[in-house]
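> 3D model of this:
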Amino acid sequence: MNRLKKFSFNIHSKSVQFFLIAIVLFWIKTYVTYRMEFNLGIDNSVQKFLLFINPLSSAFLFSGAALLFKKHWGSALIAIQFVLSFWLYANVVYYRFFDDFITWPTILQLKVNGGQTESALSLMKPLDVLYFTDTIILVLLLAFKVFQLKAVPTRKLAIIPMVVAVGIFLFNLSLAEADRPELLTRSFDRNYLVKYLGTYNFTIYDGIQTARSSMQRTLANSDDVTEIENNLKANFAKPNPEYFGKAEGMNVMYVSLESLQTFLIDYELDGQEVTPFLNSLAHDGETFYFDNFFHQTGQGKTSDAEFMMETSLFPLSQGSVFINKAQNTYHAAPAILKSRGYTSAALHGNYKTFWNRNEIYKAFGYDHFFDATYYNMTPENVKNYGLKDKPFLEESMPLLESLPQPFYSKLILLSNHFPFAMDEGDTDFPAGDFGDKVVNQYFQSANYMDQALEEFFNNLKEAGLYDNTIIVMYGDHYGISENHNDAMEKVMGEEITPFKNAQLQRVPLFIHVPGVKGGVVHKYSGEVDVQPTILHLLGVDTRNYLNVGNDILSPEFKEIAPFRNGDFVTPEVTQVNGVCYSNETGEPIEDDQCTADDQIAKEKLEISDRIVTKDLLRFYQPEGYEPINPNDYQYTNGTKN
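Numbering: from 1, shown residues only. Sure thing, here's the model as predicted:
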């Protein structure tokens, strides 16, 4: 007791006042940030109250930890405030483009994917220094000796604020569970978790979930496969006999169209078509063009799209499969086609370690990986994350021609990447005039990509590859996030509501099959459905593969496209943040079909998550499939040992 008295632990104590000031500043700063930077979808008074109080538990918890440093607790408190401010600000910058929050797996992605400085800097603003206001104020209060702090007499004193923190958190959680049942057990959407629990509590929760995910693989066994196999076979869509095997023996060529959204197809800016070549394919009657095709990516963005295209499984809800699950067993298209005599190759104008591709491509069974070392990476040819599209596609031609046929190939374009700035001379297409630099530049970079694709198609025809190759081109993910909706409302000529924003997640899908009549396909589908569609065209029945997606061209195809966060879209209804909207009116409705579709969407996501998280394909071998050994592949000089 004497030691506590010496510390003068009462409300009039300068030490206590400084401690409480730190908590209040942290609380206010965090709450203001929530309201200004994050679009969390606050729907009722309970959610408003929870958003207001949830920073308090973190404030008491972390500030209480500073008391463990006794004599230097003031300095420790400031250091903790700075670290927490930095973490909050990092989430702000990340959210400005991705509309998402940083998770522990994404931190690993950032370590692997270097070279993202330009994009990060473009998201920062001079006034962002205000996110460190609380830390600056605390430093000034001590520097000018407004407060002279006494040493903490005992580390046990830290228990008091920590107990307060736990009490506030339990109160917070009970209200959150009442408003959103099963918040911690059945939520795919990080927006919900941050809205109810706060960024810092979410980070702790995410760490626990990440550790739990690692344990799940260890505890998994072959019995986990049976229920999943039965479910997927029961929901299998049989191939369409009109198309099954029509492309048997042909080459396959995927082209990833970086950040291309469907609204650009047929869009005119100042009387000029933004993507005239792609527009011609959409209407030529010889190419399948899917105008209700949706990206389903999570935090892995381009890598997530690749993953779905190769495996017909959903990506992870947190982080990227390419980085966090690269050692898993997969039944990817390159491996499946090996038994049919196919050689496979990936071509990319960045270095092989980017997105950990040099590791996961081994698990997919790629024979060759032509990365940046195969291209002329001169300064004038490089932009954003690697080689510009025109030189990349031009220099890819001899590499494609060198492959034994039939081959399965994938080319990943890069130029149409955020922030979409173009070098002088790349394109003479005009920028937009919508009051947003990023949106304005998007039209120029998309037009440049369109020009590159037209040149590439002409080169394929000259090389004799066009007439014997299925060409699949797809937008990998959105280009313009909802943080730019003010400008997008001018682009689209209408208000961007949550419903409209979900509709903007359409990305184009083109499938050209030589000798097969195409046309516009209006079915609602997603990236997870492409692999079985292409394999059926090649005459490979996917019935015995554990695919979550289905053949879009099948008469039995069920039109539902789940998003990675648990929302979904169908021809009739769209669910966003738990709210069901009528596609006809765009207005919220009460609909039993929405409830049924919600169950289907979440079941698909849960099944895929179990397969990927537990690495269940190591226990399952489809009939006729010849397993591959990733250790057989080494991408040195692009060849398989």
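
> what's the burial count for His283?
13 (other C-beta atoms under 10 Å). Heads up, the C-betas are built off the backbone N, CA and C, glycines and all.

> next, give phi and psi for it.
Dihedral pair for His283: phi -120, psi 10, per degrees, to the nearest 10.

> which ones are touching it?
Taking C-beta atoms under 8 Å, 6 or more residues apart in numbering as the contact definition, His283 lies against Tyr289, Val520.

> what does the one 5 residues further on give?
Contact criterion C-beta under 8 Å, 6+ apart gives Leu509, Phe510, Ile511, His512, Val513, Gly518, Gly519, Val521, Leu553 as the residues in contact with Phe288.

> how near is the third one to Gly519?
When distances are taken as C-beta to C-beta, to the nearest Å, Ile511 and Gly519 turn out to be 11 Å apart.

> the first one too?
With distances defined as C-beta to C-beta, the gap from Leu509 to Gly519 amounts to 13 Å.

> more neighbours: which of the two?
Using other C-beta under 10 Å as the criterion, Leu509 and Gly519 rank with Leu509 on top: 27 against 13.

> okay, and the beta partners of that one?
Phe290, Tyr474 (DSSP bridges).

> is it in contact with Tyr289, as I believe?
Yes: counting by C-beta atoms under 8 Å, Leu509 touches Tyr289, with 7.4 Å between them.

> please enumerate the strands of the stretch 401-550 of the chain.
Using DSSP state E, counting those that start in this stretch, the strands of the stretch 401-550 of the chain run over 407-412, 469-475, 509-512, 519-521, 525-526.

> most surrounded residue in the contacts of Phe288?
Leu509 (27 neighbours).

> and that residue, how far from Asn381?
29 Å.

> got it, and Gln505?
Gln505 is 32 Å from Asn381, by C-beta to C-beta.

> and Pro239, by the same measure?
For Pro239, the distance to Asn381 - C-beta to C-beta - is 43 Å.

> look at the two and report which has more neighbours.
Pro239 (24 against 17).

> show me the contacts for that one.
So Pro239 contacts His536, Asp541, Asp551, Leu553, Ser554 (C-beta under 8 Å, 6+ apart).

> so which bits of stretch 490-504 are buried?
Val491, Ile496, Pro498, Phe499, Lys500, Asn501, Ala502, Gln503, Leu504 (16 or more other C-beta atoms under 10 Å).

> TSV for those residues, including distance to Ser339 and pLDDT?
Shown next, in TSV, are those (distance: C-beta to C-beta, whole Å; pLDDT from 0 to 100):
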residue	distance to Ser339	pLDDT
Val491	47	96
Ile496	47	96
Pro498	46	94
Phe499	45	96
Lys500	46	97
Asn501	43	96
Ala502	40	96
Gln503	41	97
Leu504	40	97
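
> mind checking which of those are in helices?
Judged by DSSP state H, helices contain the following of those: Val491, Pro498, Phe499, Lys500, Asn501, Ala502, Gln503.

> closest one of these to Gly167?
Pro498 (34.6 Å; C-beta to C-beta).

> give me the neighbour count for the residue nearest to the closest one when sequence neighbours are not counted.
Leaving aside its chain neighbours, Pro498 sits nearest to Val576 (4.5 Å; criterion: C-beta to C-beta, 6 or more residues apart in numbering). Residues near Val576, counting by other C-beta under 10 Å, number 21.

> what's the answer for Asp486, then?
Considering only other C-beta under 10 Å, Asp486 is surrounded by 12 other residues.

> could you number the chain from 19 rather than 1 from now on?
All set: I'll call the first residue 19, so the last point we hit is now Asp504.

> mind checking how far it is from Asp585?
In terms of C-beta to C-beta, Asp504 sits 23 Å off from Asp585.

> one more: Ala238?
28 Å.

> name the residue in these two with the higher neighbour count.
Between Ala238 and Asp585, counted using other C-beta under 10 Å, the more crowded position is Asp585 (21 against 18).

> wait, that one touches Val597, no?
No: when contacts are counted by C-beta under 8 Å, Asp585 is not listed as touching Val597 (9.3 Å).

> for this structure, what helix or strand is lowest in average pLDDT?
Least confident helix or strand, the chain: helix 20-25 with a mean of 49, by mean pLDDT, DSSP states H and E.

> on that earlier part again, now the buried residues of stretch 508-522 as CSV including distance to Asp650?
Output for the buried residues of stretch 508-522, formatted as CSV (distance: C-beta to C-beta, whole Å):
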residue, distance to Asp650
Val509, 49
Ile514, 49
Pro516, 48
Phe517, 49
Lys518, 48
Asn519, 45
Ala520, 43
Gln521, 44
Leu522, 43
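
> out of those residues, which one sits closest to His495?
Leu522 (11.8 Å).

> now do the same contact list for the closest one.
Gln279, Phe281, Tyr496, Ile498, Met506, Met510, Ile514 are the contacts of Leu522 under C-beta under 8 Å, 6+ apart.

> against Val292, how distant is the second one?
When C-beta to C-beta is the yardstick, Phe281 and Val292 sit 10 Å from each other.

> between those two, which has more neighbouring residues?
Val292 (21 against 18).

> average model confidence for the helix or strand containing Glu621?
Per DSSP states H and E, Glu621 falls inside helix 610-631. For helix 610-631, the mean pLDDT works out to 95.

> buried residues, that helix. List them.
Those buried within helix 610-631 under the rule 16+ other C-beta under 10 Å are 612, 615-616, 619, 622-623, 625-631.

> could you dump the residues you listed to TSV with distance to Ser103?
Shown next, in TSV, are those (distance: C-beta to C-beta, whole Å):
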residue	distance to Ser103
Cys612	41
Asp615	42
Asp616	38
Ala619	37
Lys622	39
Leu623	34
Ile625	40
Ser626	37
Asp627	33
Arg628	38
Ile629	39
Val630	35
Thr631	33
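
> out of the residues you listed, which comes closest to Asp242?
Among the buried residues of helix 610-631, and counting by C-beta to C-beta, the member closest to Asp242 is Arg628, at 6.8 Å.

> roughly how far apart are the closest one and Leu635?
11 Å.

> repeat that for Leu201.
30 Å.

> who's more crowded, these two?
Higher neighbour count among Leu201 and Leu635: Leu635, with 22 against 18, using other C-beta under 10 Å.

> is that one in a helix, a strand, or coil?
helix (DSSP: H, G, I helix; E, B strand; the rest coil).

> and it, what's its pLDDT?
pLDDT at Leu635 comes out at 97.

> identify the residues contacting the residue nearest to Pro516.
Contacts of Val594 (C-beta under 8 Å, 6+ apart): Pro516, Phe517, Asn519, Ala520, Asp585.

> so what's the residue count around the nearest residue to Ile618 once chain neighbours are set aside?
Take Ile618 and drop its neighbours on the chain: the residue closest to it by C-beta to C-beta, 6+ apart is Ile578, 5.8 Å away. By other C-beta under 10 Å, 19 other residues sit near Ile578.

> next, give phi and psi for Ile578.
phi -150, psi 130.
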